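A.B. asks: Quick one, structure for this:
(6 chains)
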4 protein chains.
Amino acid sequence: MQSDPDDHEENPRPRSRRLPRSVRERQILDAAVEVYAARGFHLASMDEISEVAGISKPMIYAYLGSKEELFVACIQREANRLIEAIGTAVDPEVTPDEQLWRGLRVFFDYVQRNRASWTLVHRQAAAGGEPFATEFGQWRERAVVLIATLLARATENAVRPMQVQQMEPFAAALVGAGESLLDWWIEHPEHTADGLAMRLMNLAWMGFGDLVEGRSWAPASSEAPANED
Amino acid sequence: MQSDPDDHEENPRPRSRRLPRSVRERQILDAAVEVYAARGFHLASMDEISEVAGISKPMIYAYLGSKEELFVACIQREANRLIEAIGTAVDPEVTPDEQLWRGLRVFFDYVQRNRASWTLVHRQAAAGGEPFATEFGQWRERAVVLIATLLARATENAVRPMQVQQMEPFAAALVGAGESLLDWWIEHPEHTADGLAMRLMNLAWMGFGDLVEGRSWAPASSEAPANED
Amino acid sequence: MQSDPDDHEENPRPRSRRLPRSVRERQILDAAVEVYAARGFHLASMDEISEVAGISKPMIYAYLGSKEELFVACIQREANRLIEAIGTAVDPEVTPDEQLWRGLRVFFDYVQRNRASWTLVHRQAAAGGEPFATEFGQWRERAVVLIATLLARATENAVRPMQVQQMEPFAAALVGAGESLLDWWIEHPEHTADGLAMRLMNLAWMGFGDLVEGRSWAPASSEAPANED
Amino acid sequence: MQSDPDDHEENPRPRSRRLPRSVRERQILDAAVEVYAARGFHLASMDEISEVAGISKPMIYAYLGSKEELFVACIQREANRLIEAIGTAVDPEVTPDEQLWRGLRVFFDYVQRNRASWTLVHRQAAAGGEPFATEFGQWRERAVVLIATLLARATENAVRPMQVQQMEPFAAALVGAGESLLDWWIEHPEHTADGLAMRLMNLAWMGFGDLVEGRSWAPASSEAPANED
DNA sequence: AATGAATGAGTCTTCATTCAT
DNA sequence: AATGAATGAAGACTCATTCAT
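C.D. replies: Numbering: from 1, shown residues only, chains lettered A, B, ... in the order given. All right, here's what the predicted structure looks like:
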């Protein structure tokens, strides 16, 4: 009847009443992730979330607190999901490169399947200012450490083994490269998840391998690295 | 005298009247960038911007339009600045690796000096939803093409020269790696801009070099890199 | 164990089921008086009352009706208590001055021991607007008549005996003086209940005695006590 | 057309636009006193205040702050008005009894003419809980000290002169008696302001005079002033 | 040209009250 | 009989935007 694409529920779910708290909480979080991801924190309205969830606003407040607390709860849940998904790639039985490869595939795959989740954690959380920046920073840190650990383990039998800490900047770069490639992917959907994962794997693993084995690049000119604006 | 960091102007600029339009516009944009970067688009209020700029709100509307238009103007100006800064590295006289190296250094250096500008373009623009996502996408695209061109040129004399288009995913990954490293830098300020630039340069250039020369990584397992969905 | 003064029940009463209605009603009223007195009518929430009472909200509504009706019930119960307490002072066996004296002492004593009750009846009821102002007026009237009767009886054997009605303004003044003294007492707790009762007794009884015996004050200036408006 | 007695402005004041701030502030305060007095703090809505004032809500917030701050501003303005009115009675040229008499008349007269003001200061402020109770306490204190000073001065030439402090409980009682008499008056409007003022003057002045001159009442029975509940 | 004054519209949040189990 | 689950309705507060001077 109405075709306004912003209306979420022409026939709202029959609002099956009297459900246990845990179920409701999940419904709410699902709806909130969707709306927050689509609109961003500020443009998301509690009204819309409650509509999408098929639950009245007071229940949201009763179960999950303020708009801000709800947002944090969403970030945490989604960040955990993602980290856990990637964590499945960590299998001490296989070689480090295989682990990294699996991790990358899972990562690209997960994001492909859960755009909203990724947008929320990656974009909205990062831009939200103080209550959320912290949350975002923690998730980022976890991801970086996870990768850095993997990389360090890959050097265990190399000429010069590395500490996890030393690997962190590389891990951070790798995480960012993955994130960025995902964004780029949106505009170039002709590529496959595995194709991109492979490209990234190559770039990272080869460059990384060179470094571990002592091959490196250095500026040709001896010009002092001075730089004025 | 001013101790509260949130008070912008104890003695607001004397509001010297009758300035040429271009000066006024710059004042406004400067203030807007500052406020938008600090607070984010939604939390920034036109009141605060007008206070910081020392210009009354009606003038802002007269010169630069709505809050949204003002934000877009800010993004454009700052993105241009950054792209131009990096563009200085493009010098056909020097080798491609030197060009990339200079570009990275300028990039890290610029961001270090212009946090607000970077935050605005990188974070706020990306999360803002439709009017801004486009703007953000364009800036990202420009940056990627700039890098991809550089990379492609580096392969001109190699065994198999590459098209700019083929380089785009690598460029995107590289841009993202740089952005991410910048974020990571905030939490680990003991590193220098040149140190990080060097790490990234190495990772990218070495890995990239391997690929160009035909060395690559492939999964050990024979499982075909299938892609469902 | 409980250190936060706002937490009412760490281990809420075990909600022993199946209690006779009268007991439940008392529990509810006790809790309601406490909460209403502490927070005022509007800031008191039915949720808090039900928590303090250890009884679920639907029961409260079933037994005592709406929030408003519950408040009225509280006022009535507490006002009755107070009037009854003072009523014990009325003993035809003793002299009127002795009766007044006893009444005052009981009054000060009662209020000292039942601050919440007094606050509720005296302050909250009075400010609440229409449903409660009436209730408050009635209690005030009862108190005034009680005192006025006492005063009138004291003049029975005097030169000119007085009607109860004539005594009412004096009684009203006396009641108000007592109330006010109680407020003042809070800020000056170094005084004792009996000390204050004695002061008030003196002021009232002496002044009153003078009047009854025909001594009175009149304005020195001959300006007629005109009353405009 | 509509006869709803709660509609304040059928033909709202022509909203003469663009008035200076001070004028607007007065309009707002006037409206707020009216509404707060009629409804009480909680039932008063900012919407209604803005309607009565003929000014939009944002201006109220811009000029006078939150609902709470507005309430405090009202209390302060009205309390000051009242204290100032009574202060006019203080004239060192006339005798203390004359001063007290004038003060009482002004008091009764003022309240008669400014019911809303009085209700606000006397009732609503007192019941409002913490932010306002303090404000109320201060006004009460000022009134008590004003009266106590008067009373003390009246004893300067007496057998035993009194300190202001010693007079405070009497002053508090007197203030309360006046307040109470005013309430009582509402139900018995057949009395005149001067009539009531005279009654109170007599009660207070005669009783007080007795006390100053050493005549006092004491309990006949020697029973220890013990009192159990 | 420049601004203090003004507001419509919208959002978060709470609470008395009632159902369905 | 007793309660966890649920909501309609309402109110404080803010902000982009514009008018009248």
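
A.B. asks: and the residue nearest to A:A125 when sequence neighbours are not counted, what element?
C.D. replies: Excluding the flanking residues, the one nearest A:A125 by C-beta to C-beta, 6 or more residues apart in numbering or on different chains is A:F136, at 4.0 Å. In short, each C-beta sits where N, CA and C put it, glycine included. Element membership for A:F136, per DSSP states H and E: helix A:130-154.

A.B. asks: number of nearby residues for the closest residue to chain D within chain A?
C.D. replies: Across chain A, the shortest distance to chain D (C-beta to the nearest C-beta) belongs to A:S66, at 19.2 Å. Other residues lying near A:S66 total 11 when counted by other C-beta atoms under 10 Å in any protein chain shown.

A.B. asks: How about the backbone phi and psi for it?
C.D. replies: phi -70, psi 170 (degrees, to the nearest 10).

A.B. asks: Within range of DNA strand F, give me the residues from chain A.
C.D. replies: Within chain A, the residues that sit near DNA strand F (C-beta under 7 Å from any atom of the strand) are A:15, A:17-21, A:24, A:55-59, A:62.

A.B. asks: Show me how chain A divides into domains.
C.D. replies: A:21-65, A:77-212 (automatic domain parsing).

A.B. asks: With adjacent residues omitted, what lies nearest to A:A53?
C.D. replies: Nearest one to A:A53, counting by C-beta to C-beta, 6+ apart, is A:A31 at 3.5 Å.

A.B. asks: in chain A, which spans are helices?
C.D. replies: Here chain A has its helices, by DSSP state H, at A:21-39, A:46-53, A:57-64, A:67-87, A:96-113, A:115-119, A:125-127, A:130-154, A:164-187, A:193-212.

A.B. asks: Report the buried residues of the second one.
C.D. replies: If you call a residue buried by 16 or more other C-beta atoms under 10 Å in any protein chain shown, then helix A:46-53 has these buried ones: A:48-53.

A.B. asks: Show the pLDDT at A:D47.
C.D. replies: Looking at A:D47, its pLDDT reads 96.

A.B. asks: Report the contact partners of the spatially closest residue to it that is not a sequence neighbour.
C.D. replies: In this structure, A:D47 finds its nearest non-sequential neighbour in A:K57, 7.0 Å apart by C-beta to C-beta, 6+ apart. When contacts are counted by C-beta atoms under 8 Å, 6 or more residues apart in numbering or on different chains, A:K57 touches A:46-47, A:50.

A.B. asks: List just the nearest of those residues to DNA strand F.
C.D. replies: A:S50 (7.8 Å; C-beta to the nearest atom of the strand).

A.B. asks: Now the two most distant members of the residues of chain A next to DNA strand F.
C.D. replies: With C-beta to C-beta as the measure, no two of the residues of chain A next to DNA strand F lie farther apart than A:P20 and A:K57, at 19.4 Å.

A.B. asks: so where's chain A shaky on pLDDT?
C.D. replies: Where chain A drops to pLDDT under 70, the residues are A:1-17, A:221-229.

A.B. asks: contacting residues around stretch A:167-180?
C.D. replies: Stretch A:167-180 has contacts (C-beta under 8 Å, 6+ apart) with A:104, A:107-108, A:122, A:140, A:143-149, A:151-152, A:200, A:203-204, A:208, B:172-181, B:183-184, B:188, B:191, B:196, B:199-200, B:203.

A.B. asks: In ChimeraX, how would I select the buried members of these?
C.D. replies: Of the contacts of stretch A:167-180, the buried ones go into a single ChimeraX selection, burial set by 16+ other C-beta under 10 Å:
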select /A:104,107,108,122,140,143,144,146,147,148,149,151,152,200,203,204,208 /B:172,173,174,175,176,177,178,179,180,181,183,184,196,199,200,203
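
A.B. asks: Compute the distance between the closest residue to A:P161 other than its chain neighbours and A:D97, please.
C.D. replies: Counting by C-beta to C-beta, 6+ apart, the nearest residue to A:P161 once its immediate chain neighbours are dropped is A:T155, at 4.8 Å. Going from A:T155 to A:D97 by C-beta to C-beta, to the nearest Å gives 12 Å.

A.B. asks: same deal with A:L174?
C.D. replies: Going from A:L174 to A:D97 by C-beta to C-beta gives 13 Å.

A.B. asks: Could you do A:G103 as well?
C.D. replies: Using C-beta to C-beta, A:G103 is found at 11 Å from A:D97.

A.B. asks: Tell me, how many residues neighbour A:M162?
C.D. replies: So A:M162, with other C-beta under 10 Å, has 19 neighbours.

A.B. asks: Contact partners for A:C74?
C.D. replies: When the contact criterion is C-beta under 8 Å, 6+ apart, the partners of A:C74 are A:29, A:32-33, A:36, A:120.

A.B. asks: Redo those as TSV? Include distance to chain D and neighbour count.
C.D. replies: As requested, the contacts of A:C74 are exported to TSV (distance: C-beta to the nearest C-beta, whole Å; neighbours: other C-beta atoms under 10 Å in any protein chain shown):
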residue	distance to chain D	neighbour count
A:L29	33	21
A:A32	30	26
A:V33	34	27
A:Y36	29	27
A:L120	33	26
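
A.B. asks: and which of these is nearest to A:R77?
C.D. replies: Using C-beta to C-beta, A:L29 is the member of the contacts of A:C74 that sits closest to A:R77, with 5.9 Å.

A.B. asks: If we look just around DNA strand E, which residues of chain A are in range?
C.D. replies: A:17-18, A:44-47, A:57-58, A:61, A:66-68.

A.B. asks: I'd guessed A:L211 sits against B:M201; true?
C.D. replies: No - with contact defined as C-beta atoms under 8 Å, A:L211 does not reach B:M201; the gap is 11.1 Å.

A.B. asks: Just want the residue of chain A that's nearest chain C.
C.D. replies: Closest residue of chain A to chain C, C-beta to the nearest C-beta: A:A62 (10.4 Å).

A.B. asks: and stretch A:92-108, how far out from the chain's middle?
C.D. replies: Here stretch A:92-108 is found 17 Å from its chain centre; the criterion is C-alpha atoms, centre = their mean, to the nearest Å.

A.B. asks: phi, psi of the residue nearest to A:G214 when sequence neighbours are not counted?
C.D. replies: Distances taken as C-beta to C-beta, 6+ apart place A:V159 nearest to A:G214, at 6.7 Å, with adjacent residues excluded. Here is the backbone geometry of A:V159 (degrees, to the nearest 10): phi -60, psi -50.

A.B. asks: got it, and A:N114?
C.D. replies: phi -130, psi 60.

A.B. asks: Can you tell me how far A:F41 is from chain B?
C.D. replies: A:F41 is 8 Å from chain B, where distance means C-beta to the nearest C-beta, to the nearest Å.

A.B. asks: ok, now A:H122?
C.D. replies: 9 Å.

A.B. asks: next one: A:A154
C.D. replies: For A:A154, the distance to chain B - C-beta to the nearest C-beta - is 12 Å.

A.B. asks: My guess is that residue contacts A:W101. True?
C.D. replies: No - using C-beta under 8 Å, A:A154 is not in contact with A:W101; the gap is 11.4 Å.

A.B. asks: So for those two, which sits in the more crowded spot?
C.D. replies: Neighbours per residue (other C-beta under 10 Å) separate A:A154 from A:W101, with A:W101 holding more: 25 against 21.

A.B. asks: A:G129 reaches B:F41, doesn't it?
C.D. replies: No - A:G129 is beyond contact range of B:F41, at 10.6 Å (criterion: C-beta under 8 Å).

A.B. asks: Neighbour count: these two, which is higher?
C.D. replies: Neighbour totals were compared for A:G129 and B:F41, and B:F41 leads with 25 against 16 (other C-beta under 10 Å).

A.B. asks: That one and B:G128 touch, don't they?
C.D. replies: Yes - using C-beta under 8 Å, B:F41 is in contact with B:G128, at 5.3 Å.

A.B. asks: one step back: now distance to D:A73 too, for the helices of chain A, in TSV please.
C.D. replies: Output for the helices of chain A, formatted as TSV (distance: least, C-beta to C-beta, whole Å):
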stretch	distance to D:A73
helix A:21-39	39
helix A:46-53	32
helix A:57-64	32
helix A:67-87	31
helix A:96-113	55
helix A:115-119	47
helix A:125-127	39
helix A:130-154	33
helix A:164-187	53
helix A:193-212	63
